[in-house]
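Asks: Here is a sequence with its predicted model. Questions after.
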Amino acid sequence: MNPELQHLFESQQATALSLRKSSVRERLEQLHVLKKAILEHEEALIAAMYADFRKPAAEVRTTELALIYKELQWTTGRLADWMKPKRVQSPFPYMLGRSELYREPKGRTLIVSPWNFPIQLALIPVIGAIAGGNTVILKPSELTPHTSTVLEKMFSGAFNSNHIAVVQGDAATSASLLQLPFDHIFFTGSTAVGKLVMEAAAKNLSEITLELGGKSAAIIEESAPMQDAAEKLVWGKTLNAGQSCVAPDYVLINKDMIPLFTERLKTTYAGMFPGESWKTGMCGIVNQRHFDRLTELIQDAVEKGATIAMGGGKEVETRTLEFTVLTDVTPEMKIMQEEIFGPVIPVAGYHHLEDAIHWVNQGDKPLALYLFTRNKYALARVKQETSSGALTINDYQVHFANPNLPFGGINQSGIGRYHGWYSFETFTHEKAVFRQAGWININKPLYPPMGWLGVKTIWLLEKIFKR
């Protein structure tokens, strides 16, 4: 165990205990401090993300900063209500007592954030942790070092390390942190690493939230508005260069519609990125390993019979991939088995809707499922017959931006949820509190040695409860 990490963890214990007594006003002040720090570091964060993987400033503002500010606004406006104990009914024979639900901080938390959205996927969980009254150790990704450095500077200037601290490092650092008995671990990343996090958490019985990924399918049913589906798909797969856990990973569409759909994709893409503007207008791939992995996935698919219907270009020096569409794909291709995480979309054909539903159900449960349709029957079937973290109809990814909706996966795509109230719920424990009236002892007739009154009480209770 790293002694510095051990010391940091222990230094947060006293703070965690004092935060249990923190008021609404104190937590709101801490959230205000966080907002002020973000505002002061906006330009530095934008520059850092461009340095890490050439993410355009407009994308940083819309997909990172705007979502954080919305989360802060949503949380600060509702925190007072969230923190109030909630009275619940006390059933017979305890109806003279008072039952309530009280949300208490979990304590010391660890947040391990990923590289693809390194600001908002770090800070939105932090907002929930602060609102819940916890301490935080934030471990940002080493794959976006410039952004991680700005985050460390931002938090060290705004918070004491015994409250919130940023720890940089590689996988070995993460492994050391996971040895510590945190009260809650919040991890966003791949399913493979998520399994390791869950295994490590089990040793300390730490509670966990796993925000993972998987292959999120897009089903385009026969009645779907074709142009609308094409426009939204191109946007969804070029935003952040498709490096998003909720980006559609493959398209399922009626076989007869594939030629028309690919033509719509071509014209839509040409309108969004005329000529070779994709070379400068699209975000880069985060590092060479991921760039090589994507090019190998395309190559493997082509070697096994897939067709590059459009795109296929690449800029090696800037690690930029052109939006690429593959048709004639089959399940044995690596690109249909692995999460893509890039601006590449395989398009597979089906004969009937039940074929598409079967395709989705034979794989792991996805983080998101997308359906384009105007058919209520088709919508009902997909909603009832598939399982996914979220289902979005006639759009891509926008469910992520609604703080009223829980965001999270199921089974292989994740455990737990957050955003808005659900973040506060994740970082607090719902404690049952029962207060009996001081002059009542309803169970006294049941004390041994039990007399006739105890027997009569049991008989009465059974009679009531068996109705």
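Replies: Okay, I see it.
Asks: and the next element down the chain from the strand or helix carrying Lys35?
Replies: Assigned by DSSP states H and E, Lys35 falls within helix 24-40. Helices and strands here follow DSSP H and E; after helix 24-40, the next one along the chain is helix 42-53.
Asks: can you state the direction angle for that next one and helix 24-40?
Replies: Helix 42-53 and helix 24-40 are oriented at 60 degrees to each other (axes from the mean of the first three to the mean of the last three CA atoms, to 10 degrees).
Asks: Can you list the buried residues in the helix or strand following helix 42-53?
Replies: Using DSSP H and E, the next helix or strand after helix 42-53 towards the C-terminus is helix 57-60. Residues of helix 57-60 classed as buried by neighbour count (16 or more other CB atoms under 10 Å): 59-60. In short, each C-beta sits where N, CA and C put it, glycine included.
Asks: Looking at helix 57-60 now, give me its mean pLDDT.
Replies: Here helix 57-60 scores 96 as its mean pLDDT.
Asks: cool, and stretch 203-216?
Replies: Here the average pLDDT along stretch 203-216 is 96.
Asks: For the residue nearest the centre of the chain, give its distance to Ser113.
Replies: Against the mean C-alpha coordinate of the chain, by CA atoms, centre = their mean, the closest residue is Glu211 at 4.4 Å. Using CB to CB, to the nearest Å, one obtains 10 Å as the distance from Glu211 to Ser113.
Asks: Give the residues shared as contacts by these two.
Replies: Residues touching both Glu211 and Ser113 (CB atoms under 8 Å, 6 or more residues apart in numbering) are 121, 188.
Asks: what's near enough to touch the residue nearest to the centre of the chain?
Replies: Contacts for Glu211 (CB under 8 Å, 6+ apart) come out as 121, 186-189, 245, 407-409, 414, 416, 418.
Asks: and the helix holding Lys35, which residues are buried?
Replies: Neighbour-count burial for helix 24-40 flags 27-28, 30-31, 34-35, 37-38 (criterion: 16+ other CB under 10 Å).
Asks: out of the residues you listed, who's nearest Lys463?
Replies: Arg27 (48.5 Å; CB to CB).
Asks: correct me, but that closest one touches Ala129?
Replies: No. The pair Arg27 / Ala129 is not scored as a contact, 10.5 Å apart, by CB atoms under 8 Å.
Asks: Mind telling me what element Leu233 is part of?
Replies: helix 226-238.
Asks: Now find how far off-centre that helix is within its chain.
Replies: Centroid separation between helix 226-238 and its chain, computed with CA atoms, centre = their mean, to the nearest Å, is 22 Å.
Asks: For that helix, which residues meet the burial criterion?
Replies: 226, 229-234, 236-238.
Asks: Tell me the helices and strands packed up against it.
Replies: On a contact count with 3 or more CB pairs under 8 Å, 6 or more residues apart in numbering; DSSP states H and E, helix 226-238 meets strand 217-220, helix 258-272, strand 344-350.
Asks: Please work out which of these is packed deepest.
Replies: strand 217-220 (a mean of 24; mean count of other CB atoms under 10 Å).
Asks: Residues touching that strand, excluding its own?
Replies: So strand 217-220 is contacted by 226, 229, 233, 248-254, 257, 261, 353, 356, 359-360, 366, 369-373, 382, 396 (CB under 8 Å, 6+ apart).
Asks: if you look at these, which of them are in strands?
Replies: Taking DSSP state E, the ones among these that sit in strands are 250-254, 369-372.
Asks: can you name the two of the residues you listed that are farthest apart?
Replies: Greatest spatial distance among these (CB to CB): Asn254 and Leu369, at 17.5 Å.
Asks: Please name the bridge partners of the nearest residue to Leu8 once chain neighbours are set aside.
Replies: Sequence neighbours aside, Ala165 is the residue nearest to Leu8 in space, at 5.9 Å (criterion: CB to CB, 6 or more residues apart in numbering). Taking DSSP bridges, one obtains Ile137 as the residues bridged to Ala165.
Asks: Might one say that Ala165 is in contact with Pro140?
Replies: No. Ala165 is not in contact with Pro140 according to CB under 8 Å; the separation is 11.6 Å.
Asks: More neighbours: these two, which one.
Replies: The residue with more neighbours, out of Ala165 and Pro140, is Pro140; 26 against 21, by other CB atoms under 10 Å.
Asks: need the contact list for that one.
Replies: 113, 118, 122, 147-148, 151-152, 166, 168.
Asks: sorry, back to before: settle it for me: which of Asn254 and Leu369 has more neighbours?
Replies: Leu369 (22 against 19).
Asks: The more buried one against Asn361, yeah?
Replies: No. Assessed by CB under 8 Å, Leu369 is found out of contact with Asn361, at 10.6 Å.
Asks: Mutual contacts of these two, please.
Replies: Residues touching both Leu369 and Asn361 (CB under 8 Å, 6+ apart) are Thr386.
Asks: Kindly provide the distance from the closest residue to Met272 other than its chain neighbours to Pro445.
Replies: Leaving out its chain neighbours, the residue that sits closest to Met272 by CB to CB, 6+ apart is Val234, at 6.0 Å. Going from Val234 to Pro445 by CB to CB gives 73 Å.
Asks: quick one: which helix or strand includes Lys70?
Replies: Per DSSP H and E: helix 66-83 holds Lys70.
Asks: I'd like to know how far Thr457 sits from Gly451.
Replies: 10 Å.
Asks: More neighbours: these two, which one.
Replies: Neighbour totals were compared for Thr457 and Gly451, and Thr457 leads with 17 against 10 (other CB under 10 Å).
Asks: mind checking the SS state of the more buried one?
Replies: Using DSSP: H, G, I helix; E, B strand; the rest coil, the structure places Thr457 in helix.
Asks: Repeat that for His429.
Replies: Strictly by three-state DSSP, His429 counts as strand.
Asks: Could you give the number of residues near it?
Replies: Neighbours of His429 under the rule other CB under 10 Å: 15.
Asks: Check the one 3 residues further on too.
Replies: When neighbours are defined as other CB under 10 Å, Ala432 has 9 of them.
Asks: sec struct for it, please.
Replies: Three-state assignment for Ala432 (three-state DSSP): strand.
Asks: Next, show the common contact partners of Thr457 and Gly451.
Replies: By CB under 8 Å, 6+ apart, Thr457 and Gly451 have these common neighbours: Pro445.
Asks: before we move on, the earlier item: run the angle between the helix holding Leu233 and strand 250-254 for me.
Replies: 160 degrees.
Asks: shaky segments in the protein?
Replies: Judged by pLDDT under 70, the chain has no weakly predicted residues.
Asks: Tell me how it divides into domains.
Replies: Domain assignment of the chain by automatic domain parsing yields the ranges 3-212+416-429, 217-407, 437-465.
Asks: Stretch 161-181 spans what distance, first to last residue?
Replies: Stretch 161-181 has an end-to-end distance of 18 Å (CA to CA, to the nearest Å).
Asks: so how far is that stretch from its chain's centroid?
Replies: Centre-to-centre, stretch 161-181 and its host chain are 20 Å apart (CA atoms, centre = their mean).
Asks: Same question for stretch 413-430.
Replies: On CA atoms, centre = their mean, the centre of stretch 413-430 falls 10 Å from the chain's centre.
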